[in-house]
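1. Kindly generate the corresponding structure for this input.
(chains A and B)
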Amino acid sequence: MKQKEKIVGKLISKSFVTSQINTFVFKLNQELLFIPGQYVFLEIKGFEIKRPFSILDYDKENETLYLGIKKHGEFTNKLWSLDLDSEVFITGPYGRFFSTNEKIVFIAGGIGITPIYNLAKNLDKNNKDCFLFYSSRSEEEMPYIKEITKLDINKTLFFTRKPSKKGLNCRISADYILKNIGAKEMYEFLICGPKDMIDSVRNQLVKAGISNDKIKSEVF
Amino acid sequence: MAYKIIYDKESCIGAGECEAISKNFWKVDNTGKAVLNGATLNKETGLYELEISDEEYNTQKNVAGSCPIACIKIEKIKE
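-> Numbering: from 1, shown residues only, chains lettered A, B, ... in the order given. So this is what the prediction gives:
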């Protein structure tokens, strides 16, 4: 098997989400087939390194790809300074961060919301059995809070540093999750965020009796 | 001619191309990293290693070529 074909993407928009996170929108030269939760590699022309980014959203009709990216290091600095109409190469999709289970608990921390937003957005409209628990330091720093609020899913927001009335002012805990979802043995748990958060929530869930096999994670 | 797979699990980002090509050898686990079935950890290099048969060579060469971050390599075992 050869490496996947490179898709050309033209940068048509970039907009601030928080002070450190931008949404980059690329018009692709061909259709991108993917499963929600997957990611693509981005390569900037004339720049040697490439980086993986989860698919935030995709407009199939217009073949436009939305990536939510946190500024962090040399590659993203270069991306930040990219002019509109610049072209990038995209390869993918890649990754196994999804579930075929009907009942899913999504747990996200910060920019780890990007694959989970796409997963939650693409749930069956009749599915009322999925939950989202989403944490950030503050309301201002919570990426895509407006979009998340509009999602038709059972959700709880958590703010760990600066209190807000839009959610709970504490860390996500397995105790809180399991009290709110009902029959815990029916669920799969998808966690995406910083490694410390994933390790903490995974350990708590396992201690509370959830099988480790039912917990999938992706580190951001 | 004997070969071995050398796999850098630390660098793996769970793309899953290996599993898609060779389910018997590779599986992405629930932490988002691929596991090479039957491999042993070389404590000196920190890499996983697995000797493979000649029949398996072409498939695993494809696996190595498909990994987007090239964390899988195939090496000839020195006689």
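2. can you pull the contacts of residue 4?
-> The chain I'm using is chain A. For residue A:4, the contacting residues are A:91, A:92, B:68, taking C-beta atoms under 8 Å, 6 or more residues apart in numbering or on different chains as the criterion. Heads up, the C-betas are built off the backbone N, CA and C, glycines and all.
3. Switch to chain B, please.
-> If you count contacts by C-beta under 8 Å, 6+ apart, then residue B:4 has B:49, B:50, B:51, B:52, B:74, B:75, B:77 around it.
4. residue ranges of the strands in the chain, please?
-> The chain I'm using is chain A. Under the criterion DSSP state E, chain A carries strands at the ranges A:7-16, A:21-28, A:39-44, A:50-54, A:57-59, A:64-70, A:87-94, A:104-109, A:131-136, A:154-159, A:188-193, A:215-219.
5. wait, chain B
-> Applying DSSP E to chain B gives strands spanning B:3-7, B:26-28, B:34-36, B:40-42, B:47-52, B:72-76.
6. Mind listing what's buried along the fifth one?
-> So that's strand B:47-52. Buried residues in strand B:47-52, counting neighbours by 16 or more other C-beta atoms under 10 Å in any protein chain shown, are found at B:47, B:48, B:49, B:50, B:52.
7. hmm, back to that, in JSON lines: the strands of chain B, plus mean pLDDT.
-> Formatted as JSON lines, the entries for the strands of chain B read as follows, by pLDDT from 0 to 100:
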{"stretch": "strand B:3-7", "mean pLDDT": "97"}
{"stretch": "strand B:26-28", "mean pLDDT": "96"}
{"stretch": "strand B:34-36", "mean pLDDT": "97"}
{"stretch": "strand B:40-42", "mean pLDDT": "97"}
{"stretch": "strand B:47-52", "mean pLDDT": "97"}
{"stretch": "strand B:72-76", "mean pLDDT": "95"}
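8. burial count for residue 30?
-> All of this is about chain A. Counted by other C-beta atoms under 10 Å in any protein chain shown, the residues lying close to residue A:30 total 11.
9. look at chain B instead
-> The number of residues near residue B:30, taken as other C-beta under 10 Å, comes to 18.
10. Would you agree it is in contact with residue A:218?
-> No. In this structure, residue B:30 is not within contact of residue A:218 by C-beta atoms under 8 Å, at 10.2 Å.
11. Burial check on residue A:136, number of neighbours?
-> Using other C-beta under 10 Å, residue A:136 has 26 neighbouring residues.
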